[in-house]
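K.L.:
sequence-free structure coming up:
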């Protein structure tokens, strides 16, 4: 029988408790739970070591799976316990720092909590230690691109900007170099925001791109997931700004229920008069509205990224930049020089007249639907992966409507293929659907089934964990396979 204690979520310590714990770490035993491979664990380790902590790093993965992070920490005075967790690392510690990927129901975290050990996360350590003006971006889709666009717009206006967070850049080692007049732009996940609630923290400028089902395997349900996201606005004060998508029903609800900050909307298809403060798309132009006037920011064609969803990301970033006093000419200049992020509708190349795109960062059905809508003509979609318990129906429907070929892979592949067959039969539209065993088989099938003038889009709509360590590895493997198999 499972007790309530076995499923209860461990709460991070409060802001006062955390600042007290971080006040003097010299000689204190600190356990970092989860090194990871994206840089957050490494950044936390360097920060803790710089404060004089006696650091233990523990991770359930073996050294081979953590090789990249371990190479970068080579020679550092740390104790490594890999491939297992030891109880004494938690009950005898003076602080436990848990990577956001670690489930907060972990029995080891509960051991630490019962022993009275304060528990925190790398992001909470940063938020508790940084007093610089902060902008934070979250959303189920589009947050990395939006955060990167916002940072570029602020830099275009001559500001010193620090971009970090869930985008894979830890700012903890840079804390001492962040000046009081600098700006920090953070991309924050639902996991990080769930922890940040314990600090009663929200940023000066919030951007929320959208809230759609994601990480339900971790949060347990959509309501809990949305509540985790809401922490980004819950502790704002008058004078702060909340930039929200006007078309998102969850975000509309937040604004309707009351947000203490200034609500600024963005909307690509606004009803007349709907956007009184924010950015709308009107006549092919991105337009900024406030109580005094409306200004054209740029043409939609000035946004150098594919798809309406990326136009929305640019609108969100532009609205946040304008809230911080950045002029439209600086926004335009930033857009003109912006290069899309790797693994986000990234053009791999053109092979025998077929354009191939890598969208491995797509881990939700909604993001894959947005990718499909970015193209016209003959489309071959490769989708599938680890099943996070999300509804694949919208992706199956979009594939049946917009694609000529659907190639499914991974744990979710059979279910996605079946749903797509049902949708295509309902629509009376015939598409080629192939189920394959691995990504190499998918690439070879795409090369065989694609004709000159068509587009191949790898947009999984699912997580990578059934076959790969993360979306980055999945994307790199896909690109290597394409460059090999499409040239045959």
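P.N.:
Right, received. Where do you want to start? In this text, all values refer to a predicted model and were calculated from it rather than measured experimentally. Numbering: from 1, shown residues only.
K.L.:
domain assignment for this protein?
P.N.:
Structurally, the chain divides into domains by automatic domain parsing as follows: 10-122, 130-336, 346-485.
K.L.:
how distant is the last one from the center of its chain?
P.N.:
Looking back up the chat, that one is domain 346-485. Per C-alpha atoms, centre = their mean, to the nearest Å, the displacement of domain 346-485 from the mean C-alpha position of its chain is 20 Å.
K.L.:
same deal with stretch 34-47?
P.N.:
17 Å.
K.L.:
low-confidence regions, this protein specifically.
P.N.:
1-7, 270-274, 488 (pLDDT under 70).
K.L.:
and the helices in the stretch 301-450 of the chain?
P.N.:
Secondary structure of the stretch 301-450 of the chain (DSSP state H, counting those that start in this stretch): helices at 308-323, 328-336, 365-372, 393-402, 413-427, 439-449.
K.L.:
how about residue 409, phi and psi?
P.N.:
Main-chain torsions, residue 409, degrees, to the nearest 10: phi -140, psi 170.
K.L.:
wait, doesn't it sit right on residue 436?
P.N.:
Yes - Residue 409 is within contact range of residue 436, at 5.8 Å (criterion: C-beta atoms under 8 Å). Yep, even glycine has a C-beta here, placed from its N, CA and C like the rest.
K.L.:
which other residues reach stretch 154-168?
P.N.:
Stretch 154-168 has contacts (C-beta atoms under 8 Å, 6 or more residues apart in numbering) with 38-40, 100, 123, 126, 132, 136, 143-144, 147-148, 151, 169-171, 174, 178-179, 181-189, 192, 321, 324-327, 330-331, 333-334.
K.L.:
which stretches in the stretch 51-200 of the chain count as helices?
P.N.:
Assigned by DSSP H, counting those that start in this stretch, the helices in the stretch 51-200 of the chain fall at 67-72, 88-91, 107-114, 122-129, 143-156, 190-196.
K.L.:
so which of those gets nearest residue 475?
P.N.:
Closest approach to residue 475 among the helices of the stretch 51-200 of the chain is made by helix 143-156 (13.0 Å; C-beta to C-beta).
K.L.:
got the angle for the closest one vs helix 328-336?
P.N.:
Counting by axes from the mean of the first three to the mean of the last three C-alpha atoms, to 10 degrees, helix 143-156 lies at 130 degrees to helix 328-336.
K.L.:
number of residues surrounding residue 200?
P.N.:
11 (other C-beta atoms under 10 Å).
K.L.:
OK, contacts around the closest residue to it other than its chain neighbours?
P.N.:
Leaving aside its sequence neighbours, residue 200 sits nearest to residue 235 (C-beta to C-beta, 6 or more residues apart in numbering; 5.0 Å). Contact analysis of residue 235 by C-beta under 8 Å, 6+ apart lists 200-202.
K.L.:
can you tell me what sits against stretch 321-336?
P.N.:
Under C-beta under 8 Å, 6+ apart, the answer for stretch 321-336 is 135, 149-150, 152-157, 183, 205, 241, 243, 262, 264, 279, 288, 295-298, 302-304, 314, 318.
K.L.:
just name the most buried of the helices of the stretch 301-450 of the chain.
P.N.:
Stretch with highest mean neighbour count among the helices of the stretch 301-450 of the chain: helix 308-323 (a mean of 27; mean count of other C-beta atoms under 10 Å).
K.L.:
all strands of the stretch 101-250 of the chain, in order?
P.N.:
Along the stretch 101-250 of the chain, counting by DSSP state E, counting those that start in this stretch, strands occupy 119-120, 134-138, 161-165, 183-187, 205-208, 241-245.
K.L.:
quick one: distance of stretch 122-136 to the chain centre.
P.N.:
For stretch 122-136, the distance to the chain centre is 18 Å (C-alpha atoms, centre = their mean).
K.L.:
same deal with stretch 175-191?
P.N.:
16 Å.
K.L.:
ends of it, how far apart?
P.N.:
Separation of the first and last residues of stretch 175-191 by C-alpha to C-alpha, to the nearest Å is 22 Å.
K.L.:
also stretch 102-117?
P.N.:
Span of stretch 102-117 from end to end, C-alpha to C-alpha: 17 Å.
K.L.:
got it, and stretch 70-82?
P.N.:
11 Å.
K.L.:
contacts for it, please.
P.N.:
35, 42, 45-46, 49, 54-59, 61-63, 66, 89.
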